[in-house]
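S.K.: 3D, please:
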Amino acid sequence: MPVVNHNELPETPWRPNVKKWDVTRPGDGTTSSSLSLFAVGAGQGAPLHEHESDELIVVLEGAIEARLGDDVRKVGPDSTVVVPPHVPHGFTSTGPGAARILAFFPIADPFDHTTFLEGGPPSVG
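M.R.: Numbers count the residues shown, from 1 in each chain. Here you go, the predicted structure:
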């Protein structure tokens with residue numbers, strides 16, 4: 001039974017003041033999903049973008065200001081932002097500390113199927 005210890009995951013370069021760890025990785029047995037853990041520093045996040053698939057953003061600690069279409073709201077711990085395919089969205093960590101979030105996609109390699117509407121893609125490793 002594969003079990004992933006989050007404390008043993010290598011960090012994946014992402015954006016300034018954002019740490020990312022890929023929970024699902026090539027060779028781990030997953031074939032059609034993606035899960036990543038993030039620590040997002042205050043004031044940091046993801047610019048407006050959209051994906052070809054659903055995305056679930058689970059807030060574990062801290063808070064984010066999430067934008068989904070024209071709707072903007074603060075989302076705190078124990079909450080999940082449900083993002084349908086092709087809906088523009090983004091978020092910013094509101095601080096004071098880092099927000100810890102999980103991002104789940106029902107496809108592998110979701111950022112190969114992403115369109116950035118503001119800013120650009122992260123500086124992936």
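S.K.: before we move on, what SS does the nearest residue to residue 45 once chain neighbours are set aside have?
M.R.: Nearest residue to residue 45, sequence neighbours excluded (C-beta to C-beta, 6 or more residues apart in numbering): residue 92, at 3.9 Å. Heads up, the C-betas are built off the backbone N, CA and C, glycines and all. Assigned by DSSP: H, G, I helix; E, B strand; the rest coil, the conformation of residue 92 is strand.
S.K.: ok, now how distant is residue 92 from residue 98?
M.R.: Distance of residue 92 to residue 98, computed by C-beta to C-beta, to the nearest Å: 12 Å.
S.K.: ditto for residue 71
M.R.: 24 Å.
S.K.: And the two? Which one has more around it.
M.R.: Higher neighbour count among residue 71 and residue 98: residue 98, with 18 against 9, using other C-beta atoms under 10 Å.
S.K.: list the contacts for the more buried one?
M.R.: Residue 98 is in contact with 19, 39, 40, 41, 42, 61, 62, counting by C-beta atoms under 8 Å, 6 or more residues apart in numbering.
S.K.: pretty sure residue 68 is in contact with residue 75, am I right?
M.R.: No. Assessed by C-beta atoms under 8 Å, residue 68 is found out of contact with residue 75, at 9.9 Å.
S.K.: quick one: common contacting residues for the two?
M.R.: Common neighbours of residue 68 and residue 75 (C-beta under 8 Å, 6+ apart) are residue 81.
S.K.: For the residue nearest the centre of the chain, give me the backbone phi and psi.
M.R.: Centroid-nearest residue in the chain: residue 103, 3.9 Å away (criterion: C-alpha atoms, centre = their mean). Main-chain torsions, residue 103, degrees, to the nearest 10: phi -120, psi 120.
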